[in-house]
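Trainee: sequence first, predicted coordinates after that:
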Amino acid sequence: MNAVSPLAPAAFPDLPAVPGVALYAYAANLRYSGRPDLFLAVMAEGTTVGGVFTTSACASAPVDWCKQILSAGAARAVVCNAGNANAFTGAAGAASVHAEVEALRTSLGVPADQIYVASTGVIGEPLDDGQLVSALGHLVASDEAAWPEAAKAITTTDTFSKGAAADVPGTVVSGKVVGIAKGSGMIAPNMATMLGFLFTDVAATSEALQLAVSSATSESFNRITVDSDTSTSDTVLLFSTGAAGNDPIDGPDHPAWADFSSAVFEVCLDLAHQIVRDGEGATKFIEVHVEGAVSDESAEIVARSIADSPLVKTAMAAQDANWGRIVMAVGKAGEPADRDKLAIWIGEEQITEAGIVHPDYSEDRANMFLQEDEIVVRVDMGMGDGSASIWTCDLTHGYIEINAGYRS
């Protein structure tokens, strides 16, 4: 077990129960021992669902299954194992998903096409179906789990479990959105090496859930990077049990849409930031903000170029204001830029303006900002009104140590 990230929250949050959702966690010993590594959520009849998945051309068998059944928009269960991604496993991978679904269909008495499956861990190793099905039997028969156990069960190299919640206030509907996620390395869009499961008692159609989770993901999970690598298994699912009893939210024209979609985004952004804070070997949480670009899309590309740069990230780790690396990353992004309009800040210290070093720049002051756990790098392109932020972490020796020994 890796040491807990120095950027970790002080404690796992106190998450409320979501009416219509029962949680289970079990130590199946699929790869890990002495900890839960199998998670199940069982939802009430009538639960709707929306989801987003990895864009990898080598997607896992569970991702293929979830994408196949998502159009029906209904869900009764989601199951996830940690330690084995069930990816690049050919026909055996699909057979493992089928075995999981059949086992749960029989034990829970719910339709197969309402059972969602996720896996995370090592790529290219077949699952032991007999061990998995046996574990599912124990899981279903176990006592209900609390949120910390559920969140722990989906982790791999994570050093802390991740959870978040937000209220849906207002006079139209009152409810909550609660989510758990995993992620630490192989983090970059689309989305990250991550799984996220969000649950709400607010009634919403599957179409509204799809819009809410897609929009929230684009501004949260798709705006983080640890190492610029995209996983085979990324899955974010948003389930609505409808237990709040409101007139179902059916889209942006519904009077509760703004409150609901804001709560979904709040949970997603919180979880996304926690993933970056748990970046493998991370000691710095870094926001890269680009403004003055020709468009928001251009600003995002430039910000990602900076956030993905190993040279920028190692400078952050060394607390070295080697700002020429930021200039390099802007220039290589391939977006419209004018060297003589570029302004750069580290924290509150302005480094450049009009393409040259600012006359009042102090490297000592810039290095002081780099000694903080949280760092803001800001770039003004001087080209337009586009802006975007990307969140990342520094790159340390710890990243190499964790990934060099990941399968051992």
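Mentor: Here it is on my side, so go on. Residues are numbered from 1 along each chain as shown.
Trainee: what ranges do the strands span in the stretch 1-150 of the chain?
Mentor: Shown for the stretch 1-150 of the chain, the strands assigned by DSSP state E, counting those that start in this stretch span residues 21-26, 38-43, 48-53, 77-84, 115-122.
Trainee: so where do the helices sit in the stretch 101-250 of the chain?
Mentor: Remark: helices assigned in the stretch 101-250 of the chain by DSSP state H, counting those that start in this stretch are 129-141, 147-153, 206-218.
Trainee: need those helices in TSV with mean neighbour count and mean pLDDT, can you?
Mentor: All C-beta atoms are positioned from the backbone trio N, CA, C, and that covers glycine. Output for those, formatted as TSV (neighbours: other C-beta atoms under 10 Å; pLDDT from 0 to 100):
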stretch	mean neighbour count	mean pLDDT
helix 129-141	16	95
helix 147-153	23	97
helix 206-218	22	97
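Trainee: just give the nearest non-adjacent residue to Asp385, would you?
Mentor: Gly292 (7.5 Å; C-beta to C-beta, 6 or more residues apart in numbering).
Trainee: please parse the chain into its domains.
Mentor: The chain breaks down into these domains under automatic domain parsing: 21-277, 285-404.
Trainee: export only the CA atoms of stretch 202-218, formatted as CSV.
Mentor: Extracted in CSV, the C-alpha atoms of stretch 202-218 (Å, rounded to 0.1, in the frame of the first residue of the first chain):
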residue,chain,number,x,y,z
VAL,A,202,-34.2,13.3,-7.7
ALA,A,203,-36.5,11.9,-10.4
ALA,A,204,-35.1,12.5,-13.9
THR,A,205,-35.5,10.9,-17.2
SER,A,206,-32.6,8.9,-18.7
GLU,A,207,-32.3,11.7,-21.4
ALA,A,208,-31.9,14.3,-18.7
LEU,A,209,-29.4,12.2,-16.8
GLN,A,210,-27.4,11.7,-20.0
LEU,A,211,-27.2,15.4,-20.6
ALA,A,212,-26.4,16.2,-17.0
VAL,A,213,-23.6,13.6,-16.7
SER,A,214,-22.1,14.4,-20.2
SER,A,215,-22.0,18.1,-19.5
ALA,A,216,-20.6,17.7,-16.0
THR,A,217,-17.9,15.2,-17.2
SER,A,218,-16.8,17.6,-20.0
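Trainee: how about the strands of the stretch 1-150 of the chain, which one is nearest Ser389?
Mentor: Nearest to Ser389 among these is strand 48-53 (19.8 Å), distances taken as C-beta to C-beta.
Trainee: buried deepest among the domains of the chain, which one?
Mentor: Each of the domains of the chain was scored by mean neighbour count; the highest is domain 21-277, a mean of 21, by mean count of other C-beta atoms under 10 Å.
Trainee: end-to-end on that one?
Mentor: End-to-end span of domain 21-277 (C-alpha to C-alpha, to the nearest Å): 28 Å.
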